[in-house]
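Visitor: below are the sequence and a predicted model; questions follow.
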Amino acid sequence: MVDISPFALKQFQSARQARDARFDGQFYIAVKTTGIFCRPICPANLPKEENVEYFVDKAQALQAGYRPCLRCRPDSAPSSWAWKGVETTFLRALKLIEQGELQHATLAELAERVGISDRYLRQLFQHHLGMAPKQYALYHQLMFAKQLLHSSSMSITEVAFASGFNSVRRFNDAFKQVLKLTPSQVRKDTESEHDINHIDLAFKGPLDWQHMLDFYRLRAIEGLELVDELSYQRSFKLGDCNGWFKIYPSKAGTMRVEFKLDDTRQLKALVNQLRRMFDLDADVLHIEQQLGEVAPDLVKRSGIRIPGVWSTWEAGVRAILGQQVSIKAAIGQLNLLASTLQPETISHFPTPQEVGQADLSFLRMPQSRKETLSCFAQFMTHTPDASPEQWLALKGIGPWTINYARLRGASEPNCFLDGDLVVKKMLQQFPSVNTQSVAPWGSYATFHCWSHA
DNA sequence: GAATTCCCCTG
DNA sequence: CAGGTGATATTG
């Protein structure tokens, strides 16, 4: 037994009895009679006190010859889905539904995606919400539709399609049944017509919009992105659909998005994209509190979220062009790339196809880097959904490039760029900060480090 | 609602 | 270690 203070022991004992979730991850309970060790929250029968042994680290328990419990999975990493259990499985499904997953996938597919049976998923919804998943999805679509009726100039038909219905009849029926009004009645009630469509995205907690704008401003591509004092705007291509948006804060806790879309059925996809890009779903207060426990002064300004890039492809290109040069130099090349491939007006970031087919000799950088870019473009043309990890196989793409893409392109929450120059410097000032200690919020730790510079 | 799985205890 | 028990999560 490794030494544990009598005080801590007392705590562990009562925490174990109560299955206190607050102690989850802080210690492990090994049962001598079975040779198995568990987390404090394990639902299994409580072992007798005389049969247990406590460990602060799972490695110690392993070392002592115990095997991890199959129910509470003490071996899985904290913050992994397996660790968090059914509660998060449910929340994950909930989020996917809110993102419109059930509009194009079946319940069975959704269930498989979160790793449980459709039967059990239904049961969970009944338990947590008292309604079926499909019902919840329907409510969401209708709320979305209602907002559009108020805030857009789209026709009722367009609104129906934009909110995931495949027939106007069905849309009208469902709308009337739930909201007790017809869509056109709602439309009539809104005061004035808007010449430009908009939609409001809600978020929780602080959001340092200036920090985000500054970040984008420094890296904006001329003609594609425009960052002014209050807003960010850009043109884009979403699948086959061209579009444009402008985003800025409106009332507290709300971002307003003005948009144009060739195909309004892509609106939900755009919304999902923007929520990721501007990190609107992050629980910032929770994250900052956790980071504050690691290093009290690390969080200098509150509300920092991850400024995302439109796609992992774009993030990859930005990372490659940014290898070993200043931000300014990198943007120069990006501008050159975009304006050369689209001489008249830049309607979107160059696609993998466009870059792959282009002769890149006009770029002013080492030949090897051009080859890397070209090679990356070919790769993304054929396997657009490959995860950044798989890029490692490509010549000229290393961990730094990949981590940057994971951080900004995929908006992964736990990418701590400890290889970054600025971050390295900050680590001397914050000795307690490292990849382990800031997990699972490494990405936020990275940005907080940068904000000190 | 039954069956299965998994854990803990005792002999 | 085998056999028995209780409890929970998950499935068909």
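Guide: Noted; the coordinates are in hand.
Visitor: tell me how far the residue in chain A positioned nearest to DNA strand C lies from A:His127.
Guide: Nearest to DNA strand C in chain A, going by Cβ to the nearest atom of the strand, is A:Tyr120, at a distance of 2.9 Å. From N, CA and C alone the C-beta is placed, and that goes for glycine too. Distance, A:Tyr120 to A:His127, using Cβ to Cβ, to the nearest Å: 10 Å.
Visitor: among these two, which residue is more densely surrounded?
Guide: Comparing A:Tyr120 with A:His127 by other Cβ atoms under 10 Å, the one with more neighbours is A:Tyr120, at 15 against 10.
Visitor: am I right that that one is in a helix?
Guide: Yes. Per DSSP: H, G, I helix; E, B strand; the rest coil, A:Tyr120 lies within a helix segment.
Visitor: hang on, it packs against A:Ala111?
Guide: Yes. Taking contacts as Cβ atoms under 8 Å, A:Tyr120 lies within contact range of A:Ala111: 7.4 Å.
Visitor: around DNA strand C, which positions in chain A sit nearby?
Guide: Neighbours of DNA strand C within chain A, by Cβ under 7 Å from any atom of the strand: A:33, A:43-45, A:71, A:86, A:116-117, A:119-120, A:123.
Visitor: tell me the residues of chain A that contact DNA strand B?
Guide: A:31, A:33-34, A:36, A:38, A:42, A:44-48, A:51, A:69-71.
Visitor: ok, which pair from these is furthest apart?
Guide: By the measure Cβ to Cβ, A:Lys48 and A:Leu70 form the most distant pair in the residues of chain A next to DNA strand B, at 20.7 Å.
Visitor: for the lengthiest helix in chain A, buried residues please.
Guide: If you go by DSSP state H, chain A has its longest helix at helix A:133-151. Neighbour-count burial for helix A:133-151, counted by 16 or more other Cβ atoms under 10 Å, picks out A:133, A:136-138, A:140-142, A:144-146, A:148-151.
Visitor: show me where pLDDT drops low in chain A?
Guide: A:1-2, A:191-194 (pLDDT under 70).
Visitor: quick one, domains of it?
Guide: A:6-75, A:82-130, A:196-281, A:284-452 (automatic domain parsing).
Visitor: so can I have a markdown table of those domains showing distance to A:Ser167?
Guide: A markdown table is the format used below for the domains of chain A (distance: least, Cβ to Cβ, whole Å):
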| stretch | distance to A:Ser167 |
| --- | --- |
| domain A:6-75 | 45 |
| domain A:82-130 | 13 |
| domain A:196-281 | 13 |
| domain A:284-452 | 30 |
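Visitor: now for the ones you listed, which one comes closest to A:Ala174?
Guide: Nearest to A:Ala174, of these and by Cβ to Cβ, is domain A:82-130 at 12.8 Å.
Visitor: mind listing the strands for chain A?
Guide: Along chain A, the segments classed as strands by DSSP state E run A:28-31, A:36-38, A:52-55, A:67-68, A:197-202, A:225-227, A:232-238, A:241-249, A:254-261.
Visitor: just tell me which of those ends up closest to A:Lys328.
Guide: Of all the strands of chain A, strand A:225-227 comes closest under Cβ to Cβ, at 15.2 Å.
Visitor: give the other helices and strands that that closest one contacts.
Guide: With contacts defined as 3 or more Cβ pairs under 8 Å, 6 or more residues apart in numbering; DSSP states H and E, the packing partners of strand A:225-227 are helix A:209-218, strand A:232-238.
Visitor: and the angle from the shortest one to strand A:241-249?
Guide: The one in question is strand A:232-238. Interaxial angle of strand A:232-238 relative to strand A:241-249 (axes from the mean of the first three to the mean of the last three Cα atoms, to 10 degrees): 150 degrees.
Visitor: please spell out which residues along strand A:232-238 are buried.
Guide: A:232-238.
Visitor: okay, these in JSON lines with distance to A:Thr340 next?
Guide: Shown next, in JSON lines, are the buried residues of strand A:232-238 (distance: Cβ to Cβ, whole Å):
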{"residue": "A:Tyr232", "distance to A:Thr340": "24"}
{"residue": "A:Gln233", "distance to A:Thr340": "22"}
{"residue": "A:Arg234", "distance to A:Thr340": "19"}
{"residue": "A:Ser235", "distance to A:Thr340": "17"}
{"residue": "A:Phe236", "distance to A:Thr340": "19"}
{"residue": "A:Lys237", "distance to A:Thr340": "17"}
{"residue": "A:Leu238", "distance to A:Thr340": "23"}
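Visitor: and which of these is nearest to A:Asn434?
Guide: A:Tyr232 (32.6 Å).
Visitor: for that closest one, what are its contacts?
Guide: A:212-213, A:216, A:225-226, A:246-248 (Cβ atoms under 8 Å, 6 or more residues apart in numbering).
Visitor: from DNA strand B, how far off is it?
Guide: With distances taken as Cβ to the nearest atom of the strand, to the nearest Å, A:Tyr232 is found 49 Å from DNA strand B.
Visitor: how about A:Ser304, phi and psi?
Guide: In this structure residue A:304 is Ile, not Ser. A:Ile304 adopts backbone torsions of phi -70, psi 120, taken as degrees, to the nearest 10.
Visitor: quick check: A:His448 touching A:Val299?
Guide: Yes. Between A:His448 and A:Val299 there is a contact at 5.7 Å, judged by Cβ under 8 Å.
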